[in-house]
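>>> sequence isn't available, so here's the structure alone:
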Ligand code: HEM
């Protein structure tokens with residue numbers, strides 16, 4: 001039996017390349033013919049699986065008696081392919097879980113956009129992670145909740161909202177918050193289970209922890225954002241709105257979480273493709289793809305400033321603004337730099353420029369990629385990116401021309417995340433190329 005265990009260690013080391021580090025440490029092993037028995041083979045399989053799942057902590061080395069080696073090696077090949085497949089399946093499950101979480105985050109961003117566009121975001125004036133899960137049920141509870149809301153600027157500005165209208169906006173915000181909690185559970189429960197079973201590979205453990213942290217941070221940031229709207233102009237003389245800085249931070253951190261989850265999910269699910277040849281132009285393409293991906297992100301962030309300042313309700317024409325290429329009040333605020341963040345005209349102007357530049361950059365990326373030896377999946381990703389950026393720019397222009405109707409604006413927001421998805425996918429397809437090894 002001892003000999004059989006040694007065989008197992010050897011097989012495990014052959015089947016999982018990652019275990020080869022352990023092999024070097026060297027414990028002498030010999031194989032006897034006894035390990036050909038059925039019980040022994042069962043033991044071999046079980047132990048091999050254990051080794052593979054524990055993702056290598058082996059410290060066994062080998063000295064194999066040659067007579068039995070050939071016989072066992074055939075079985076080793078069989079075992080390694082089945083257990084290898086089992087391991088792939090478990091990694092794919094992690095990929096499915098992460099991509100599922102990505103889908104939920106996508107839904108939360110769209111729901112958040114609709115909540116803002118229907119002006120529902122300030123209807124819940126308290127934040128209790130646990131107690132807040134239960135909405136008012138009886139008429140008394142609704143009246144009590146409504147009385148609380150009446151203390152805040154949005155109600156004062158509304159000129160007497162009815163209880164029915166309040167219920168409608170309350171449910172909208174409630175759905176957004178509950179969706180956030182759903183993401184928390186859908187992420188955390190499998191994360192703990194996979195972690196405890198040793199399914200999460202060492203290299204991804206910090207990433208999973210970072211995702212959990214970002215998720216919690218996202219909830220806290222959401223409340224900090226809402227709080228800025230509740231504290232805004234206590235007299236209710238101006239349209240109450242949340243701080244556009246906080247809105248941009250909330251959206252930006254959601255996008256960041258989305259990117260990390262999507263990238264990690266794709267890393268678990270997509271089989272790697274190697275490039276037959278890596279001409280210099282392919283390395284350049286990868287660098288350029290990263291720059292375009294960054295530009296999509298920055299354009300989306302600038303969109304959050306447009307949304308936060310209601311800047312889409314000005315200059316509802318395209319491409320001119322007030323009949324001019326450069327509007328007259330572009331730098332109306334002082335000091336000058338504040339215009340880029342606080343002046344709705346400048347913020348919209350910047351977003352237009354960034355949006356159109358993003359569109360042209362994706363077109364250039366696509367044109368470069370066309371001439372290079374990309375594999376089918378990468379080509380699909382870049383084509384999807386080009387198609388989506390055209391849709392996104394058209395949606396942005398339509399949102400502006402039609403004075404920001406909710407369905408169009410919400411679709412424009414979903415479009416930005418879809419475009420980002422294709423950009424991440426394309427970058428992911430090129431990830432194997434190392435920029436620091438650029439050929440001459
Ligand atoms: C690749 C290009 C673009 C991207 C990625 C993008 C992304 C975004 C994002 C993320 C928002 C915030 C939505 C929200 O928080 O509700 C937004 C808002 C907006 N965008 Fe774009 N955008 C692009 C191009 C354009 C273009 C070319 C225009 C018009 C010329 C435009 C007009 C608007 C307007 C008017 C809003 C405000 C909508 C609102 O108040 O909800 N966008 N954009």
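Arrived safely. Source: prediction; values computed, not measured.

>>> in the stretch 1-150 of the chain, what residue is nearest the ligand?
With C-beta to the nearest ligand atom as the measure, residue 113 is the residue of the stretch 1-150 of the chain nearest to the ligand, at 4.2 Å. Where C-beta positions appear, they are placed from N, C-alpha and C, glycine not excepted.

>>> separation between that residue and residue 254?
10 Å (C-beta to C-beta, to the nearest Å).

>>> is it true that residue 372 touches residue 281?
Yes - look at residue 372 against residue 281 with C-beta atoms under 8 Å: they come within range, at 5.8 Å.

>>> can you give me the strands for the chain?
For the chain, applying DSSP state E gives no strands.

>>> would you map out the domains in it?
As assigned by automatic domain parsing, the chain contains the domains 2-64, 90-269, 270-440.

>>> among these, show the one with the smallest mean pLDDT.
The minimum mean pLDDT among these belongs to domain 2-64 (a mean of 38).

>>> for residue 283, the count of nearby residues, please.
Residue 283: 18 surrounding residues under other C-beta atoms under 10 Å.

>>> same deal with residue 334?
8.

>>> could you list every residue that touches the most centrally placed residue in the chain?
What sits nearest the mean C-alpha location of the chain, by C-alpha atoms, centre = their mean, is residue 258, with 1.6 Å. With contact set as C-beta atoms under 8 Å, 6 or more residues apart in numbering, residue 258 has these partners: 102, 105-106, 109, 417, 420.

>>> hmm, 6 Å instead?
residue 105 (C-beta atoms under 6 Å, 6 or more residues apart in numbering).

>>> can you check residue 174 too?
Going by C-beta under 6 Å, 6+ apart, residue 174 touches residue 135.

>>> now with 8 Å?
With contacts defined as C-beta under 8 Å, 6+ apart, residue 174 is in contact with 124, 135.

>>> residues from this structure in reach of the ligand?
Residues of the chain lying close to the ligand by C-beta under 6 Å from any ligand atom are 113, 116-117, 251, 296, 299-300, 303-304, 306-307, 312, 318, 351-352, 355-356, 358-359, 389, 392-393, 396-397, 399-400, 404, 409, 412-413, 416, 419.

>>> are any of these buried, and which?
Buried by 16 or more other C-beta atoms under 10 Å: 113, 116-117, 251, 296, 299-300, 303-304, 306-307, 312, 351-352, 355-356, 358-359, 389, 392-393, 396-397, 399-400, 404, 409, 412-413, 416, 419, out of the residues of the chain next to the ligand.

>>> mind checking which of the residues you listed are in helices?
With helices taken from DSSP state H, the overlap with those comprises 113, 116-117, 251, 296, 299-300, 303-304, 306-307, 351-352, 355-356, 358-359, 389, 392-393, 396-397, 399-400, 409, 412-413, 416, 419.

>>> what separation do you get for the residue nearest to residue 104 when sequence neighbours are not counted and the ligand?
Of all residues beyond its chain neighbours, the one nearest residue 104 is residue 183 (4.7 Å), with distances taken as C-beta to C-beta, 6 or more residues apart in numbering. For residue 183, the distance to the ligand equals 18 Å [C-beta to the nearest ligand atom, to the nearest Å].

>>> and if you look at residue 272?
Noted for residue 272: a distance of 29 Å to the ligand, by C-beta to the nearest ligand atom.

>>> ok, which stretches of the stretch 251-400 of the chain are helices?
With helices called from DSSP state H, counting those that start in this stretch, the stretch 251-400 of the chain shows them at 280-308, 339-342, 344-370, 376-401.

>>> identify whichever of the ones you listed lies nearest to residue 424.
For those, the distance to residue 424 is smallest for helix 280-308, at 6.8 Å, taking C-beta to C-beta.

>>> so what does that closest one touch, helix or strand wise?
With contacts defined as 3 or more C-beta pairs under 8 Å, 6 or more residues apart in numbering; DSSP states H and E, helix 280-308 has these neighbours: helix 244-269, helix 344-370, helix 406-429.

>>> flag every buried residue along the shortest one.
Using 16+ other C-beta under 10 Å as the test for burial, helix 406-429 gives 408-429.

>>> just how off-centre is stretch 352-368 within its chain?
The gap between where stretch 352-368 is centred and where its chain is centred comes out at 22 Å by C-alpha atoms, centre = their mean, to the nearest Å.

>>> same thing with stretch 130-138?
Computed by C-alpha atoms, centre = their mean, the chain-centroid distance of stretch 130-138 equals 29 Å.

>>> follow-up on the earlier one: once you drop chain neighbours, what's closest to the residue of the stretch 1-150 of the chain closest to the ligand?
residue 413 (4.0 Å).

>>> how far away is the one you found from residue 215?
Counting by C-beta to C-beta, the gap from residue 413 to residue 215 is 20 Å.

>>> I'd say the residue of the stretch 1-150 of the chain closest to the ligand and residue 407 touch.
No - applying C-beta under 8 Å as the test, residue 113 and residue 407 come out as separate, 10.9 Å apart.

>>> what sits against residue 397?
Residue 397 makes contact with residue 318, according to C-beta under 8 Å, 6+ apart.

>>> and what of the one 4 residues further on?
Contact partners of residue 401, counting by C-beta under 8 Å, 6+ apart, are 316-318.
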